[in-house]
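In: requesting a structural model of the entry that follows:
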Amino acid sequence: MKIKEFQDMLEKKNLDAAVFYNSEFPRINPNMVYFSGYTGLGVLVVPRRKEPFLIAPEMEFQKAKKSMIRKVFSMQKKRFFESVSDIIKINGIKTKNIAIDRNNFTLNSFKYFRKSFRKSKFKDVAMNCIKLREIKSNKEIEYLKKSCGYADKIIQKTINNFKGFKTESEAAAFLEYETKKLGLELSFNPIVASGSNGSMPHHEPKNKRMKKGLCVIDFGDACKGAVGQDVEDIVSSVAPETPRHFVYEQSLKILNKQATKEHLQQMCYSTAFRAPYLLGRSIAYKEGNPSEAYQTTINAIQEIKQLTTEQTQFQKFLDTLMHLCEHLQTEQRAHSI
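Out: Predicted coordinates:
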């Protein structure tokens, strides 16, 4: 994707070619996957003016041929980057100035890479790749929509079957199975955190009985390399309770309504969009620490207040948070007695 735009950037910066690599699994260079659709071991070479090509080990050759790159060369039985250097020379590509992605280049690999290209100068284009990928093409948007649709169906199916899960690991396995069944990939290992485990952002699902209270599910799938959705949902592993269940639903409803406003649409990683996440974790107080939950909620309120001078827009949301805080204070006092 966007190979032509990337080559235009190489031309402007007077770079002869870009070299991306995957040398170990499951560590994958996202830029190599983005430009080639190839997730196996090997190297992607993108010359400034010529057609890009892949260099793959013999065992990965057939997989490489199914990628978006038409030209594929088999890696010679030499050291990894020595073989790459030889094949680049055979294709008549200059290597005076080479573009690399330092964000995905280990120090040890760079040491051997530099030995194979002794007369070359290297330019980091990691940020250029990030900026290029920020604006999605029509095809990427199509993939994202498909991926989002799949993720919505999977998460809804999980919620519909939630009462049948006895452990967090069962719910996580169900998410993975449904994803694989559709021929998709997971963008990360699913997080299923019940009860007090919901206070841990990267909790690993346990093969233990679900804790009572709310359960945080964090899940995402990928369709043709496009990560469609990082779905954060909160369901109740027991009967809904008041006021925490009510407060979460009300706050989410209000935030979703406010998020349509222009001045919030451009703040996709702002506190406004993280507030249900913060609140969801803070209200997992019953099996955890009421004092810590109380402080987390207060912090969320302060962050929300700083978002805009039009405080009245968030008054309802602030009221619901304060209602929760009052309840948490009561729990805190009871906890301390």
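In: tell me the confidence at Lys206?
Out: Lys206 is assigned 90 on the pLDDT scale.
In: list the residues that contact the nearest residue to it once chain neighbours are set aside.
Out: On the basis of CB to CB, 6 or more residues apart in numbering, the spatially nearest residue to Lys206 that is not a chain neighbour turns out to be Glu168, at 5.3 Å. No exception for glycine: its C-beta is placed from N, CA and C like everyone else's. By CB atoms under 8 Å, 6 or more residues apart in numbering, Glu168 lies in contact with Val192, Ala193, Ser194, Asn197, Pro205, Lys206, Asn207, Lys208, Met210, Cys215.
In: residue boundaries of the helices in the stretch 51-200 of the chain?
Out: Defined through DSSP state H, counting those that start in this stretch, the helices belonging to the stretch 51-200 of the chain, from first to last, are 61-65, 80-90, 107-116, 126-134, 138-160, 168-181.
In: what's across from Ala17 in the sheet?
Out: Here Ala17 sits in beta bridges with Pro47, Ile98, as judged by DSSP bridges.
In: remind me which residues of the stretch 1-150 of the chain are low pLDDT?
Out: Regions of the stretch 1-150 of the chain meeting the criterion pLDDT under 70 cover residues 1, 25-26.
In: could you pull up phi and psi at Phe165?
Out: Backbone torsions for Phe165, taken as degrees, to the nearest 10, come to phi -90, psi 120.
In: begin at 49, not 1, for the rest of this chat.
Out: Will do, 49 is the new start, and the previous item becomes Phe213.
In: so it sits against Met258, correct?
Out: Yes. The pair Phe213 / Met258 is scored as a contact, 6.8 Å apart, by CB atoms under 8 Å.
In: where does Val264 fall, secondary structure wise?
Out: With elements taken from DSSP states H and E, the one containing Val264 is strand 262-271.
In: picking up where we left off before, mind putting the contacts of Glu216 into TSV with neighbour count?
Out: As requested, the contacts of Glu216 are arranged in TSV below (neighbours: other CB atoms under 10 Å):
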residue	neighbour count
Val240	30
Ala241	27
Ser242	29
Asn245	24
Pro253	21
Lys254	16
Asn255	11
Lys256	12
Met258	20
Cys263	26
